[in-house]
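Asker: make a model of this:
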Amino acid sequence: MKINDWTSIQSLFDELNKRLEKMQKTDLLSVVPRAYIKLLVELEDFLNDTLANKDVKKKMSTTNAKALNTMRQRLKKHNGTYMDAMSAFRENPESPEVSSSEEELQEEESGDEGDGSGDEVWETKTKDKKKDKLLTMDPKGMLSTPRMRAS
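Answerer: The predicted model follows:
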């Protein structure tokens, strides 16, 4: 983001949203990750700072300026869905927000350890780790890896 390359920011934002949507459709992701909310807040702040700086806007190329305006419109439309989570993050960015599903997992861990439900909790934790890893991956690195052919 520091180099104001809004075309790449736009493409990475679209890729991230597609992946999030896929995860939500397959029911692997029931709650929007806090890292995603943090990204939306930082992106919105960076966009507003860039729009406020007239010198930077004048020096932009036409394609970069178009991408900036496109991102402004997309963020305005997209962030309406997550306004509550974003405002909660802005109020308290340091403390992790515990959702109701996470509270239930914590209660299961502390309460019922002898009935065999520990395997379910472990599976849920590994799914969460996989989701976090997916959201923090560099999409450019994933696109450059060779794909294996089915024989």
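Asker: drop to CA atoms for contacts and neighbour counts, all remaining ones
Answerer: Noted.
Asker: where along the chain do the helices fall?
Answerer: 6-25, 34-52, 54-59, 62-79, 83-91, 100-111, 118-136, 139-143 (DSSP state H).
Asker: weakest of those helices in terms of mean pLDDT?
Answerer: Among these, helix 100-111 has the lowest mean pLDDT, at a mean of 42.
Asker: let me see the contact set for Y82.
Answerer: By CA atoms under 8 Å, 6 or more residues apart in numbering, the residues touching Y82 are I37.
Asker: got phi/psi on it?
Answerer: Y82 adopts backbone torsions of phi -110, psi 20, taken as degrees, to the nearest 10.
Asker: relative to L16, how far out is it?
Answerer: Per CA to CA, to the nearest Å, Y82 is found 15 Å from L16.
Asker: also N64?
Answerer: From N64 to L16 the distance is 20 Å (CA to CA).
Asker: quick check: L47 touching R72?
Answerer: Yes: counting by CA atoms under 8 Å, L47 touches R72, with 7.0 Å between them.
Asker: which residues are in contact with both of those two?
Answerer: With CA under 8 Å, 6+ apart as the test, L47 and R72 reach no residue in common.
Asker: pull out the buried positions in stretch 20-37.
Answerer: Buried residues in stretch 20-37, defined by neighbour count with 16 or more other CA atoms under 10 Å: 20, 29, 34, 36-37.
Asker: what's the answer for stretch 36-52, then?
Answerer: Buried, per 16+ other CA under 10 Å, within stretch 36-52: 36-38, 40-41, 43-44, 47.
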